[in-house]
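[1] test case, fold it:
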Amino acid sequence: MVARLKDRRTFRIIAHRPFDRPIVSRLPSVASQSALDQLESLTNPRIRQEWSPRRKIRPEDVGEEPEELVIASFVYSGASRFTDGTFGVYNAAFEGETAVAESSYHTARFLRDAQMPATSVFKRTLHAGISGSYEDLRSRGAEDPLYASNRYDASQRFGLELYARNRRDGVVYRSVRCEGGSCIVAFRPRLIRHCVVAETLLYAWNGERIDAVMRVEPLP
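    Numbering: from 1, shown residues only. Modelled structure (predicted):
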């Protein structure tokens, strides 16, 4: 099945680390800022995307006026359910609660593996409109290997083959972490528009699990 979308509103949650003062404001001179810009151009995946021989985005998928937050999500993305990390994707959800459930699960898993003591983790919610034609997997049963809870080998092979065929703009599927929710994996930055930071969230980690998710105002 194919899901055809037109500016469908989506929710994506990304990591956020608040700073009291931007690094640039601490630099003693314009020359120092220029040096920092040159250093970033050598180390920042988003900037290196422009010249890297192993691009994570196909040039034709970028678009004429790529949005910074969207491009960043592609070049910084690693392995996930429908990519092995060799190509970038934009992971999002159709509902805010689904995005929180997905993000909370993976954040808790990371903190647990790192044996992190109780702490607070800041996140940012992105809103964006997504268009295009997507492989719709929502009619498949929970027993389908593509919906395996913690094994992504089958779904990554599926995503790689779909991406290589280059006939779909991504995948729409049922959330594994939020019953009744839907998620989307987009392959093409040019089909993601009006991406904005909508809010800041605080995840309260008690050393074993995330026991609270709170909205933070103003944005830190």
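[2] could you identify the longest strand within the protein?
    strand 119-136 (DSSP state E).
[3] the longest helix belonging to the chain packs against which elements?
    When the chain is scanned for its longest helix (criterion: DSSP state H), the result is helix 96-113. Contacts defined by 3 or more C-beta pairs under 8 Å, 6 or more residues apart in numbering; DSSP states H and E place helix 96-113 against strand 2-15, strand 90-93, strand 119-136, strand 182-186, strand 192-205, strand 210-216. Glycine gets a C-beta too; all of them are placed from N, C-alpha and C.
[4] name the residue closest to the centre of the protein, please.
    Asn91 (4.4 Å; C-alpha atoms, centre = their mean).
[5] follow-up on the earlier one: send me the longest strand of the chain as PDB with only the CA atoms.
    Extracted C-alpha coordinates of strand 119-136, given in PDB (Å, rounded to 0.1, in the frame of the first residue of the first chain):
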ATOM      1  CA  THR A 119      19.600  13.100  36.000                       C
ATOM      2  CA  SER A 120      17.500  15.400  33.700                       C
ATOM      3  CA  VAL A 121      17.700  15.200  29.900                       C
ATOM      4  CA  PHE A 122      16.600  18.100  27.700                       C
ATOM      5  CA  LYS A 123      14.900  17.500  24.400                       C
ATOM      6  CA  ARG A 124      13.400  19.600  21.700                       C
ATOM      7  CA  THR A 125      10.300  18.900  19.600                       C
ATOM      8  CA  LEU A 126      10.400  19.700  15.900                       C
ATOM      9  CA  HIS A 127       7.200  20.300  13.900                       C
ATOM     10  CA  ALA A 128       7.400  19.900  10.200                       C
ATOM     11  CA  GLY A 129       5.100  19.300   7.200                       C
ATOM     12  CA  ILE A 130       5.900  16.200   5.100                       C
ATOM     13  CA  SER A 131       4.700  15.400   1.600                       C
ATOM     14  CA  GLY A 132       5.300  12.500  -0.900                       C
ATOM     15  CA  SER A 133       4.400   8.900  -1.500                       C
ATOM     16  CA  TYR A 134       5.300   6.400   1.200                       C
ATOM     17  CA  GLU A 135       5.400   2.700   1.600                       C
ATOM     18  CA  ASP A 136       2.600   2.100   4.100                       C
END
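[6] list the buried ones in it?
    Neighbour-count burial for strand 119-136 flags 121, 123-128, 130-132, 134-136 (criterion: 16 or more other C-beta atoms under 10 Å).
[7] can you tell me which of the residues you listed is nearest Val213?
    Relative to Val213, the closest of the buried residues of strand 119-136 is Lys123; by C-beta to C-beta it sits at 8.6 Å.
[8] list the contacts for that closest one?
    The contact partners of Lys123, taken as C-beta atoms under 8 Å, 6 or more residues apart in numbering, are Ile13, Ile14, Ala15, His16, Ser103, Thr107, Thr200, Leu201, Leu202, Tyr203.
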